[in-house]
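Undergrad: sequence unknown, structure follows:
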């Protein structure tokens, strides 16, 4: 019994397979996060605006297919969507090293791969979030999200640690082969999950626009869902501005090589892992609602340490601030994801997730463009200051909502409005 209490959901074979598939897929994704911009910066000598545009292309899928993705996924088996998108992402990532070896790689090639990969990721993430309540049950959502966040955090540590030396050894383009392999193995492992949903019932004449509106109305109706999504949108906008210039700042102004950059991102992964391990305990102690805004309020201001850093020990002190940001971010995401999943009826999970992603992530391409433009005008350090201030202000929607005092997780689904 003690062993079971320690393992919790990992004792379930299907959840264990999802856990392992998540680890492999996230390892590939974390390597992409570091390697793809380094292909642009180091191999193609891209300027600040081109790096920002690449970041925008990576996340443009949320704007292009964010809302219809939810309606489409709600018509399909979520497990099947996850498998297909993982395998397709693995295939498209191969285009970068192949183009590099053929002498065809250009910044436009990177834009195209980033865009396609981002669109596929939208479908994967919507299906992933929607599949978890079916797999583990609504009563286990906080534990399930915490454990999956833990494995994502571990890969946030190991991904940059692997990517940094690999980039130095074989070059950034070839490093993406490891990303492709991780995505492919994730998809193949997901095939072995035995618990399969029934195919959702569809109306005789499905109407995409009507289904999208239904998801939007559900999210807009509830103040807690509105606050979570708006706070996320503000946070993500300024986070991407910050991240867009962080690599440029570390590589060009601090003078770090790929290994040193990888160490800093691994430190962020350590913070995220600690946050995943503490998320359930902190949420119970502080309250599931208050922890959403309090985690950001405590950790976001610490990101201002980075633009103050100079070559030497101070940059690693500043990296502690980034690790704290990751810790607070995971605690917040676990709490708010569980809130969203607990409130949403099964048939609307895909649309809720897609609507949340569309609004929360819709500003990410703009953040990449603004980060690049701001870097051109104010420099990388100035953009980091702007990003730190904006992330701190993102607490306001949650602080001013009912989440401020909601200490317990919802135990019942929110009632649906009349269709």
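TA: Perfect, I can see it now. What you are looking at is a predicted structure, and each value in this text was computed from that prediction instead of being measured.
Undergrad: shaky segments in this protein?
TA: Within the chain, the stretches falling below the threshold (pLDDT under 70) are 1-7, 138-139, 153-171, 200-206, 409-419.
Undergrad: ok, the most centrally placed residue in it - contacts?
TA: Closest residue to the average C-alpha location of the chain: residue 125 at 8.7 Å, with C-alpha atoms, centre = their mean. Applying C-beta atoms under 8 Å, 6 or more residues apart in numbering, one finds that residue 125 lies in contact with 353, 357. Backbone N, C-alpha and C define where each C-beta goes, glycine included.
Undergrad: same check, this time on residue 372
TA: If you count contacts by C-beta under 8 Å, 6+ apart, then residue 372 has 48, 49, 50, 51, 52, 53, 55, 56, 244 around it.
Undergrad: on that earlier part again, what distance do you get for the residue nearest to the centre of the chain to residue 42?
TA: Between residue 125 and residue 42 the distance is 29 Å, computed by C-beta to C-beta, to the nearest Å.
Undergrad: now do residue 197
TA: When residue 197 is compared with residue 42 (using C-beta to C-beta), they lie 44 Å apart.
Undergrad: Tell me which of the two has more neighbours.
TA: residue 42 (19 against 15; other C-beta atoms under 10 Å).
Undergrad: these two touch, right, the more buried one and residue 173?
TA: No: the pair residue 42 and residue 173 does not pass the contact test of C-beta atoms under 8 Å, sitting 9.8 Å apart.
Undergrad: Report the separation between the residue lying closest to residue 321 once chain neighbours are set aside and residue 329.
TA: The shortest distance from residue 321 to any residue that is not its chain neighbour, by C-beta to C-beta, 6 or more residues apart in numbering, is 3.5 Å, and that residue is residue 302. Shown here: residue 302 relative to residue 329, a distance of 12 Å by C-beta to C-beta.
Undergrad: who has more neighbours, those two?
TA: Set side by side, residue 302 and residue 329 give different neighbour counts by other C-beta under 10 Å, the larger being at residue 329 (22 against 18).
Undergrad: Check which residues of the helix or strand that contains the more buried one are buried.
TA: Using DSSP states H and E, residue 329 falls within helix 313-343. Burial within helix 313-343, assessed by neighbour count using 16 or more other C-beta atoms under 10 Å, is assigned to 315, 318-319, 321-343.
Undergrad: picking up where we left off before, most neighbours among the contacts of residue 372, please name it.
TA: Across the contacts of residue 372, the neighbour count under other C-beta under 10 Å reaches its highest value at residue 244, namely 32 neighbours.
Undergrad: hang on, the earlier thing: the residue nearest to the centre of the chain: what secondary structure?
TA: Of the three states, residue 125 takes helix according to DSSP: H, G, I helix; E, B strand; the rest coil.
Undergrad: again, but for residue 255
TA: Reducing the assignment to helix, strand or coil with three-state DSSP, the entry for residue 255 is coil.
Undergrad: Which residue, other than its chain neighbours, is closest to it?
TA: By the measure of C-beta to C-beta, 6+ apart, the closest residue to residue 255 outside its immediate chain neighbours is residue 311, 5.5 Å from it.
Undergrad: Could you check how far that neighbour is from residue 76?
TA: Taken as C-beta to C-beta, the span from residue 311 to residue 76 is 51 Å.
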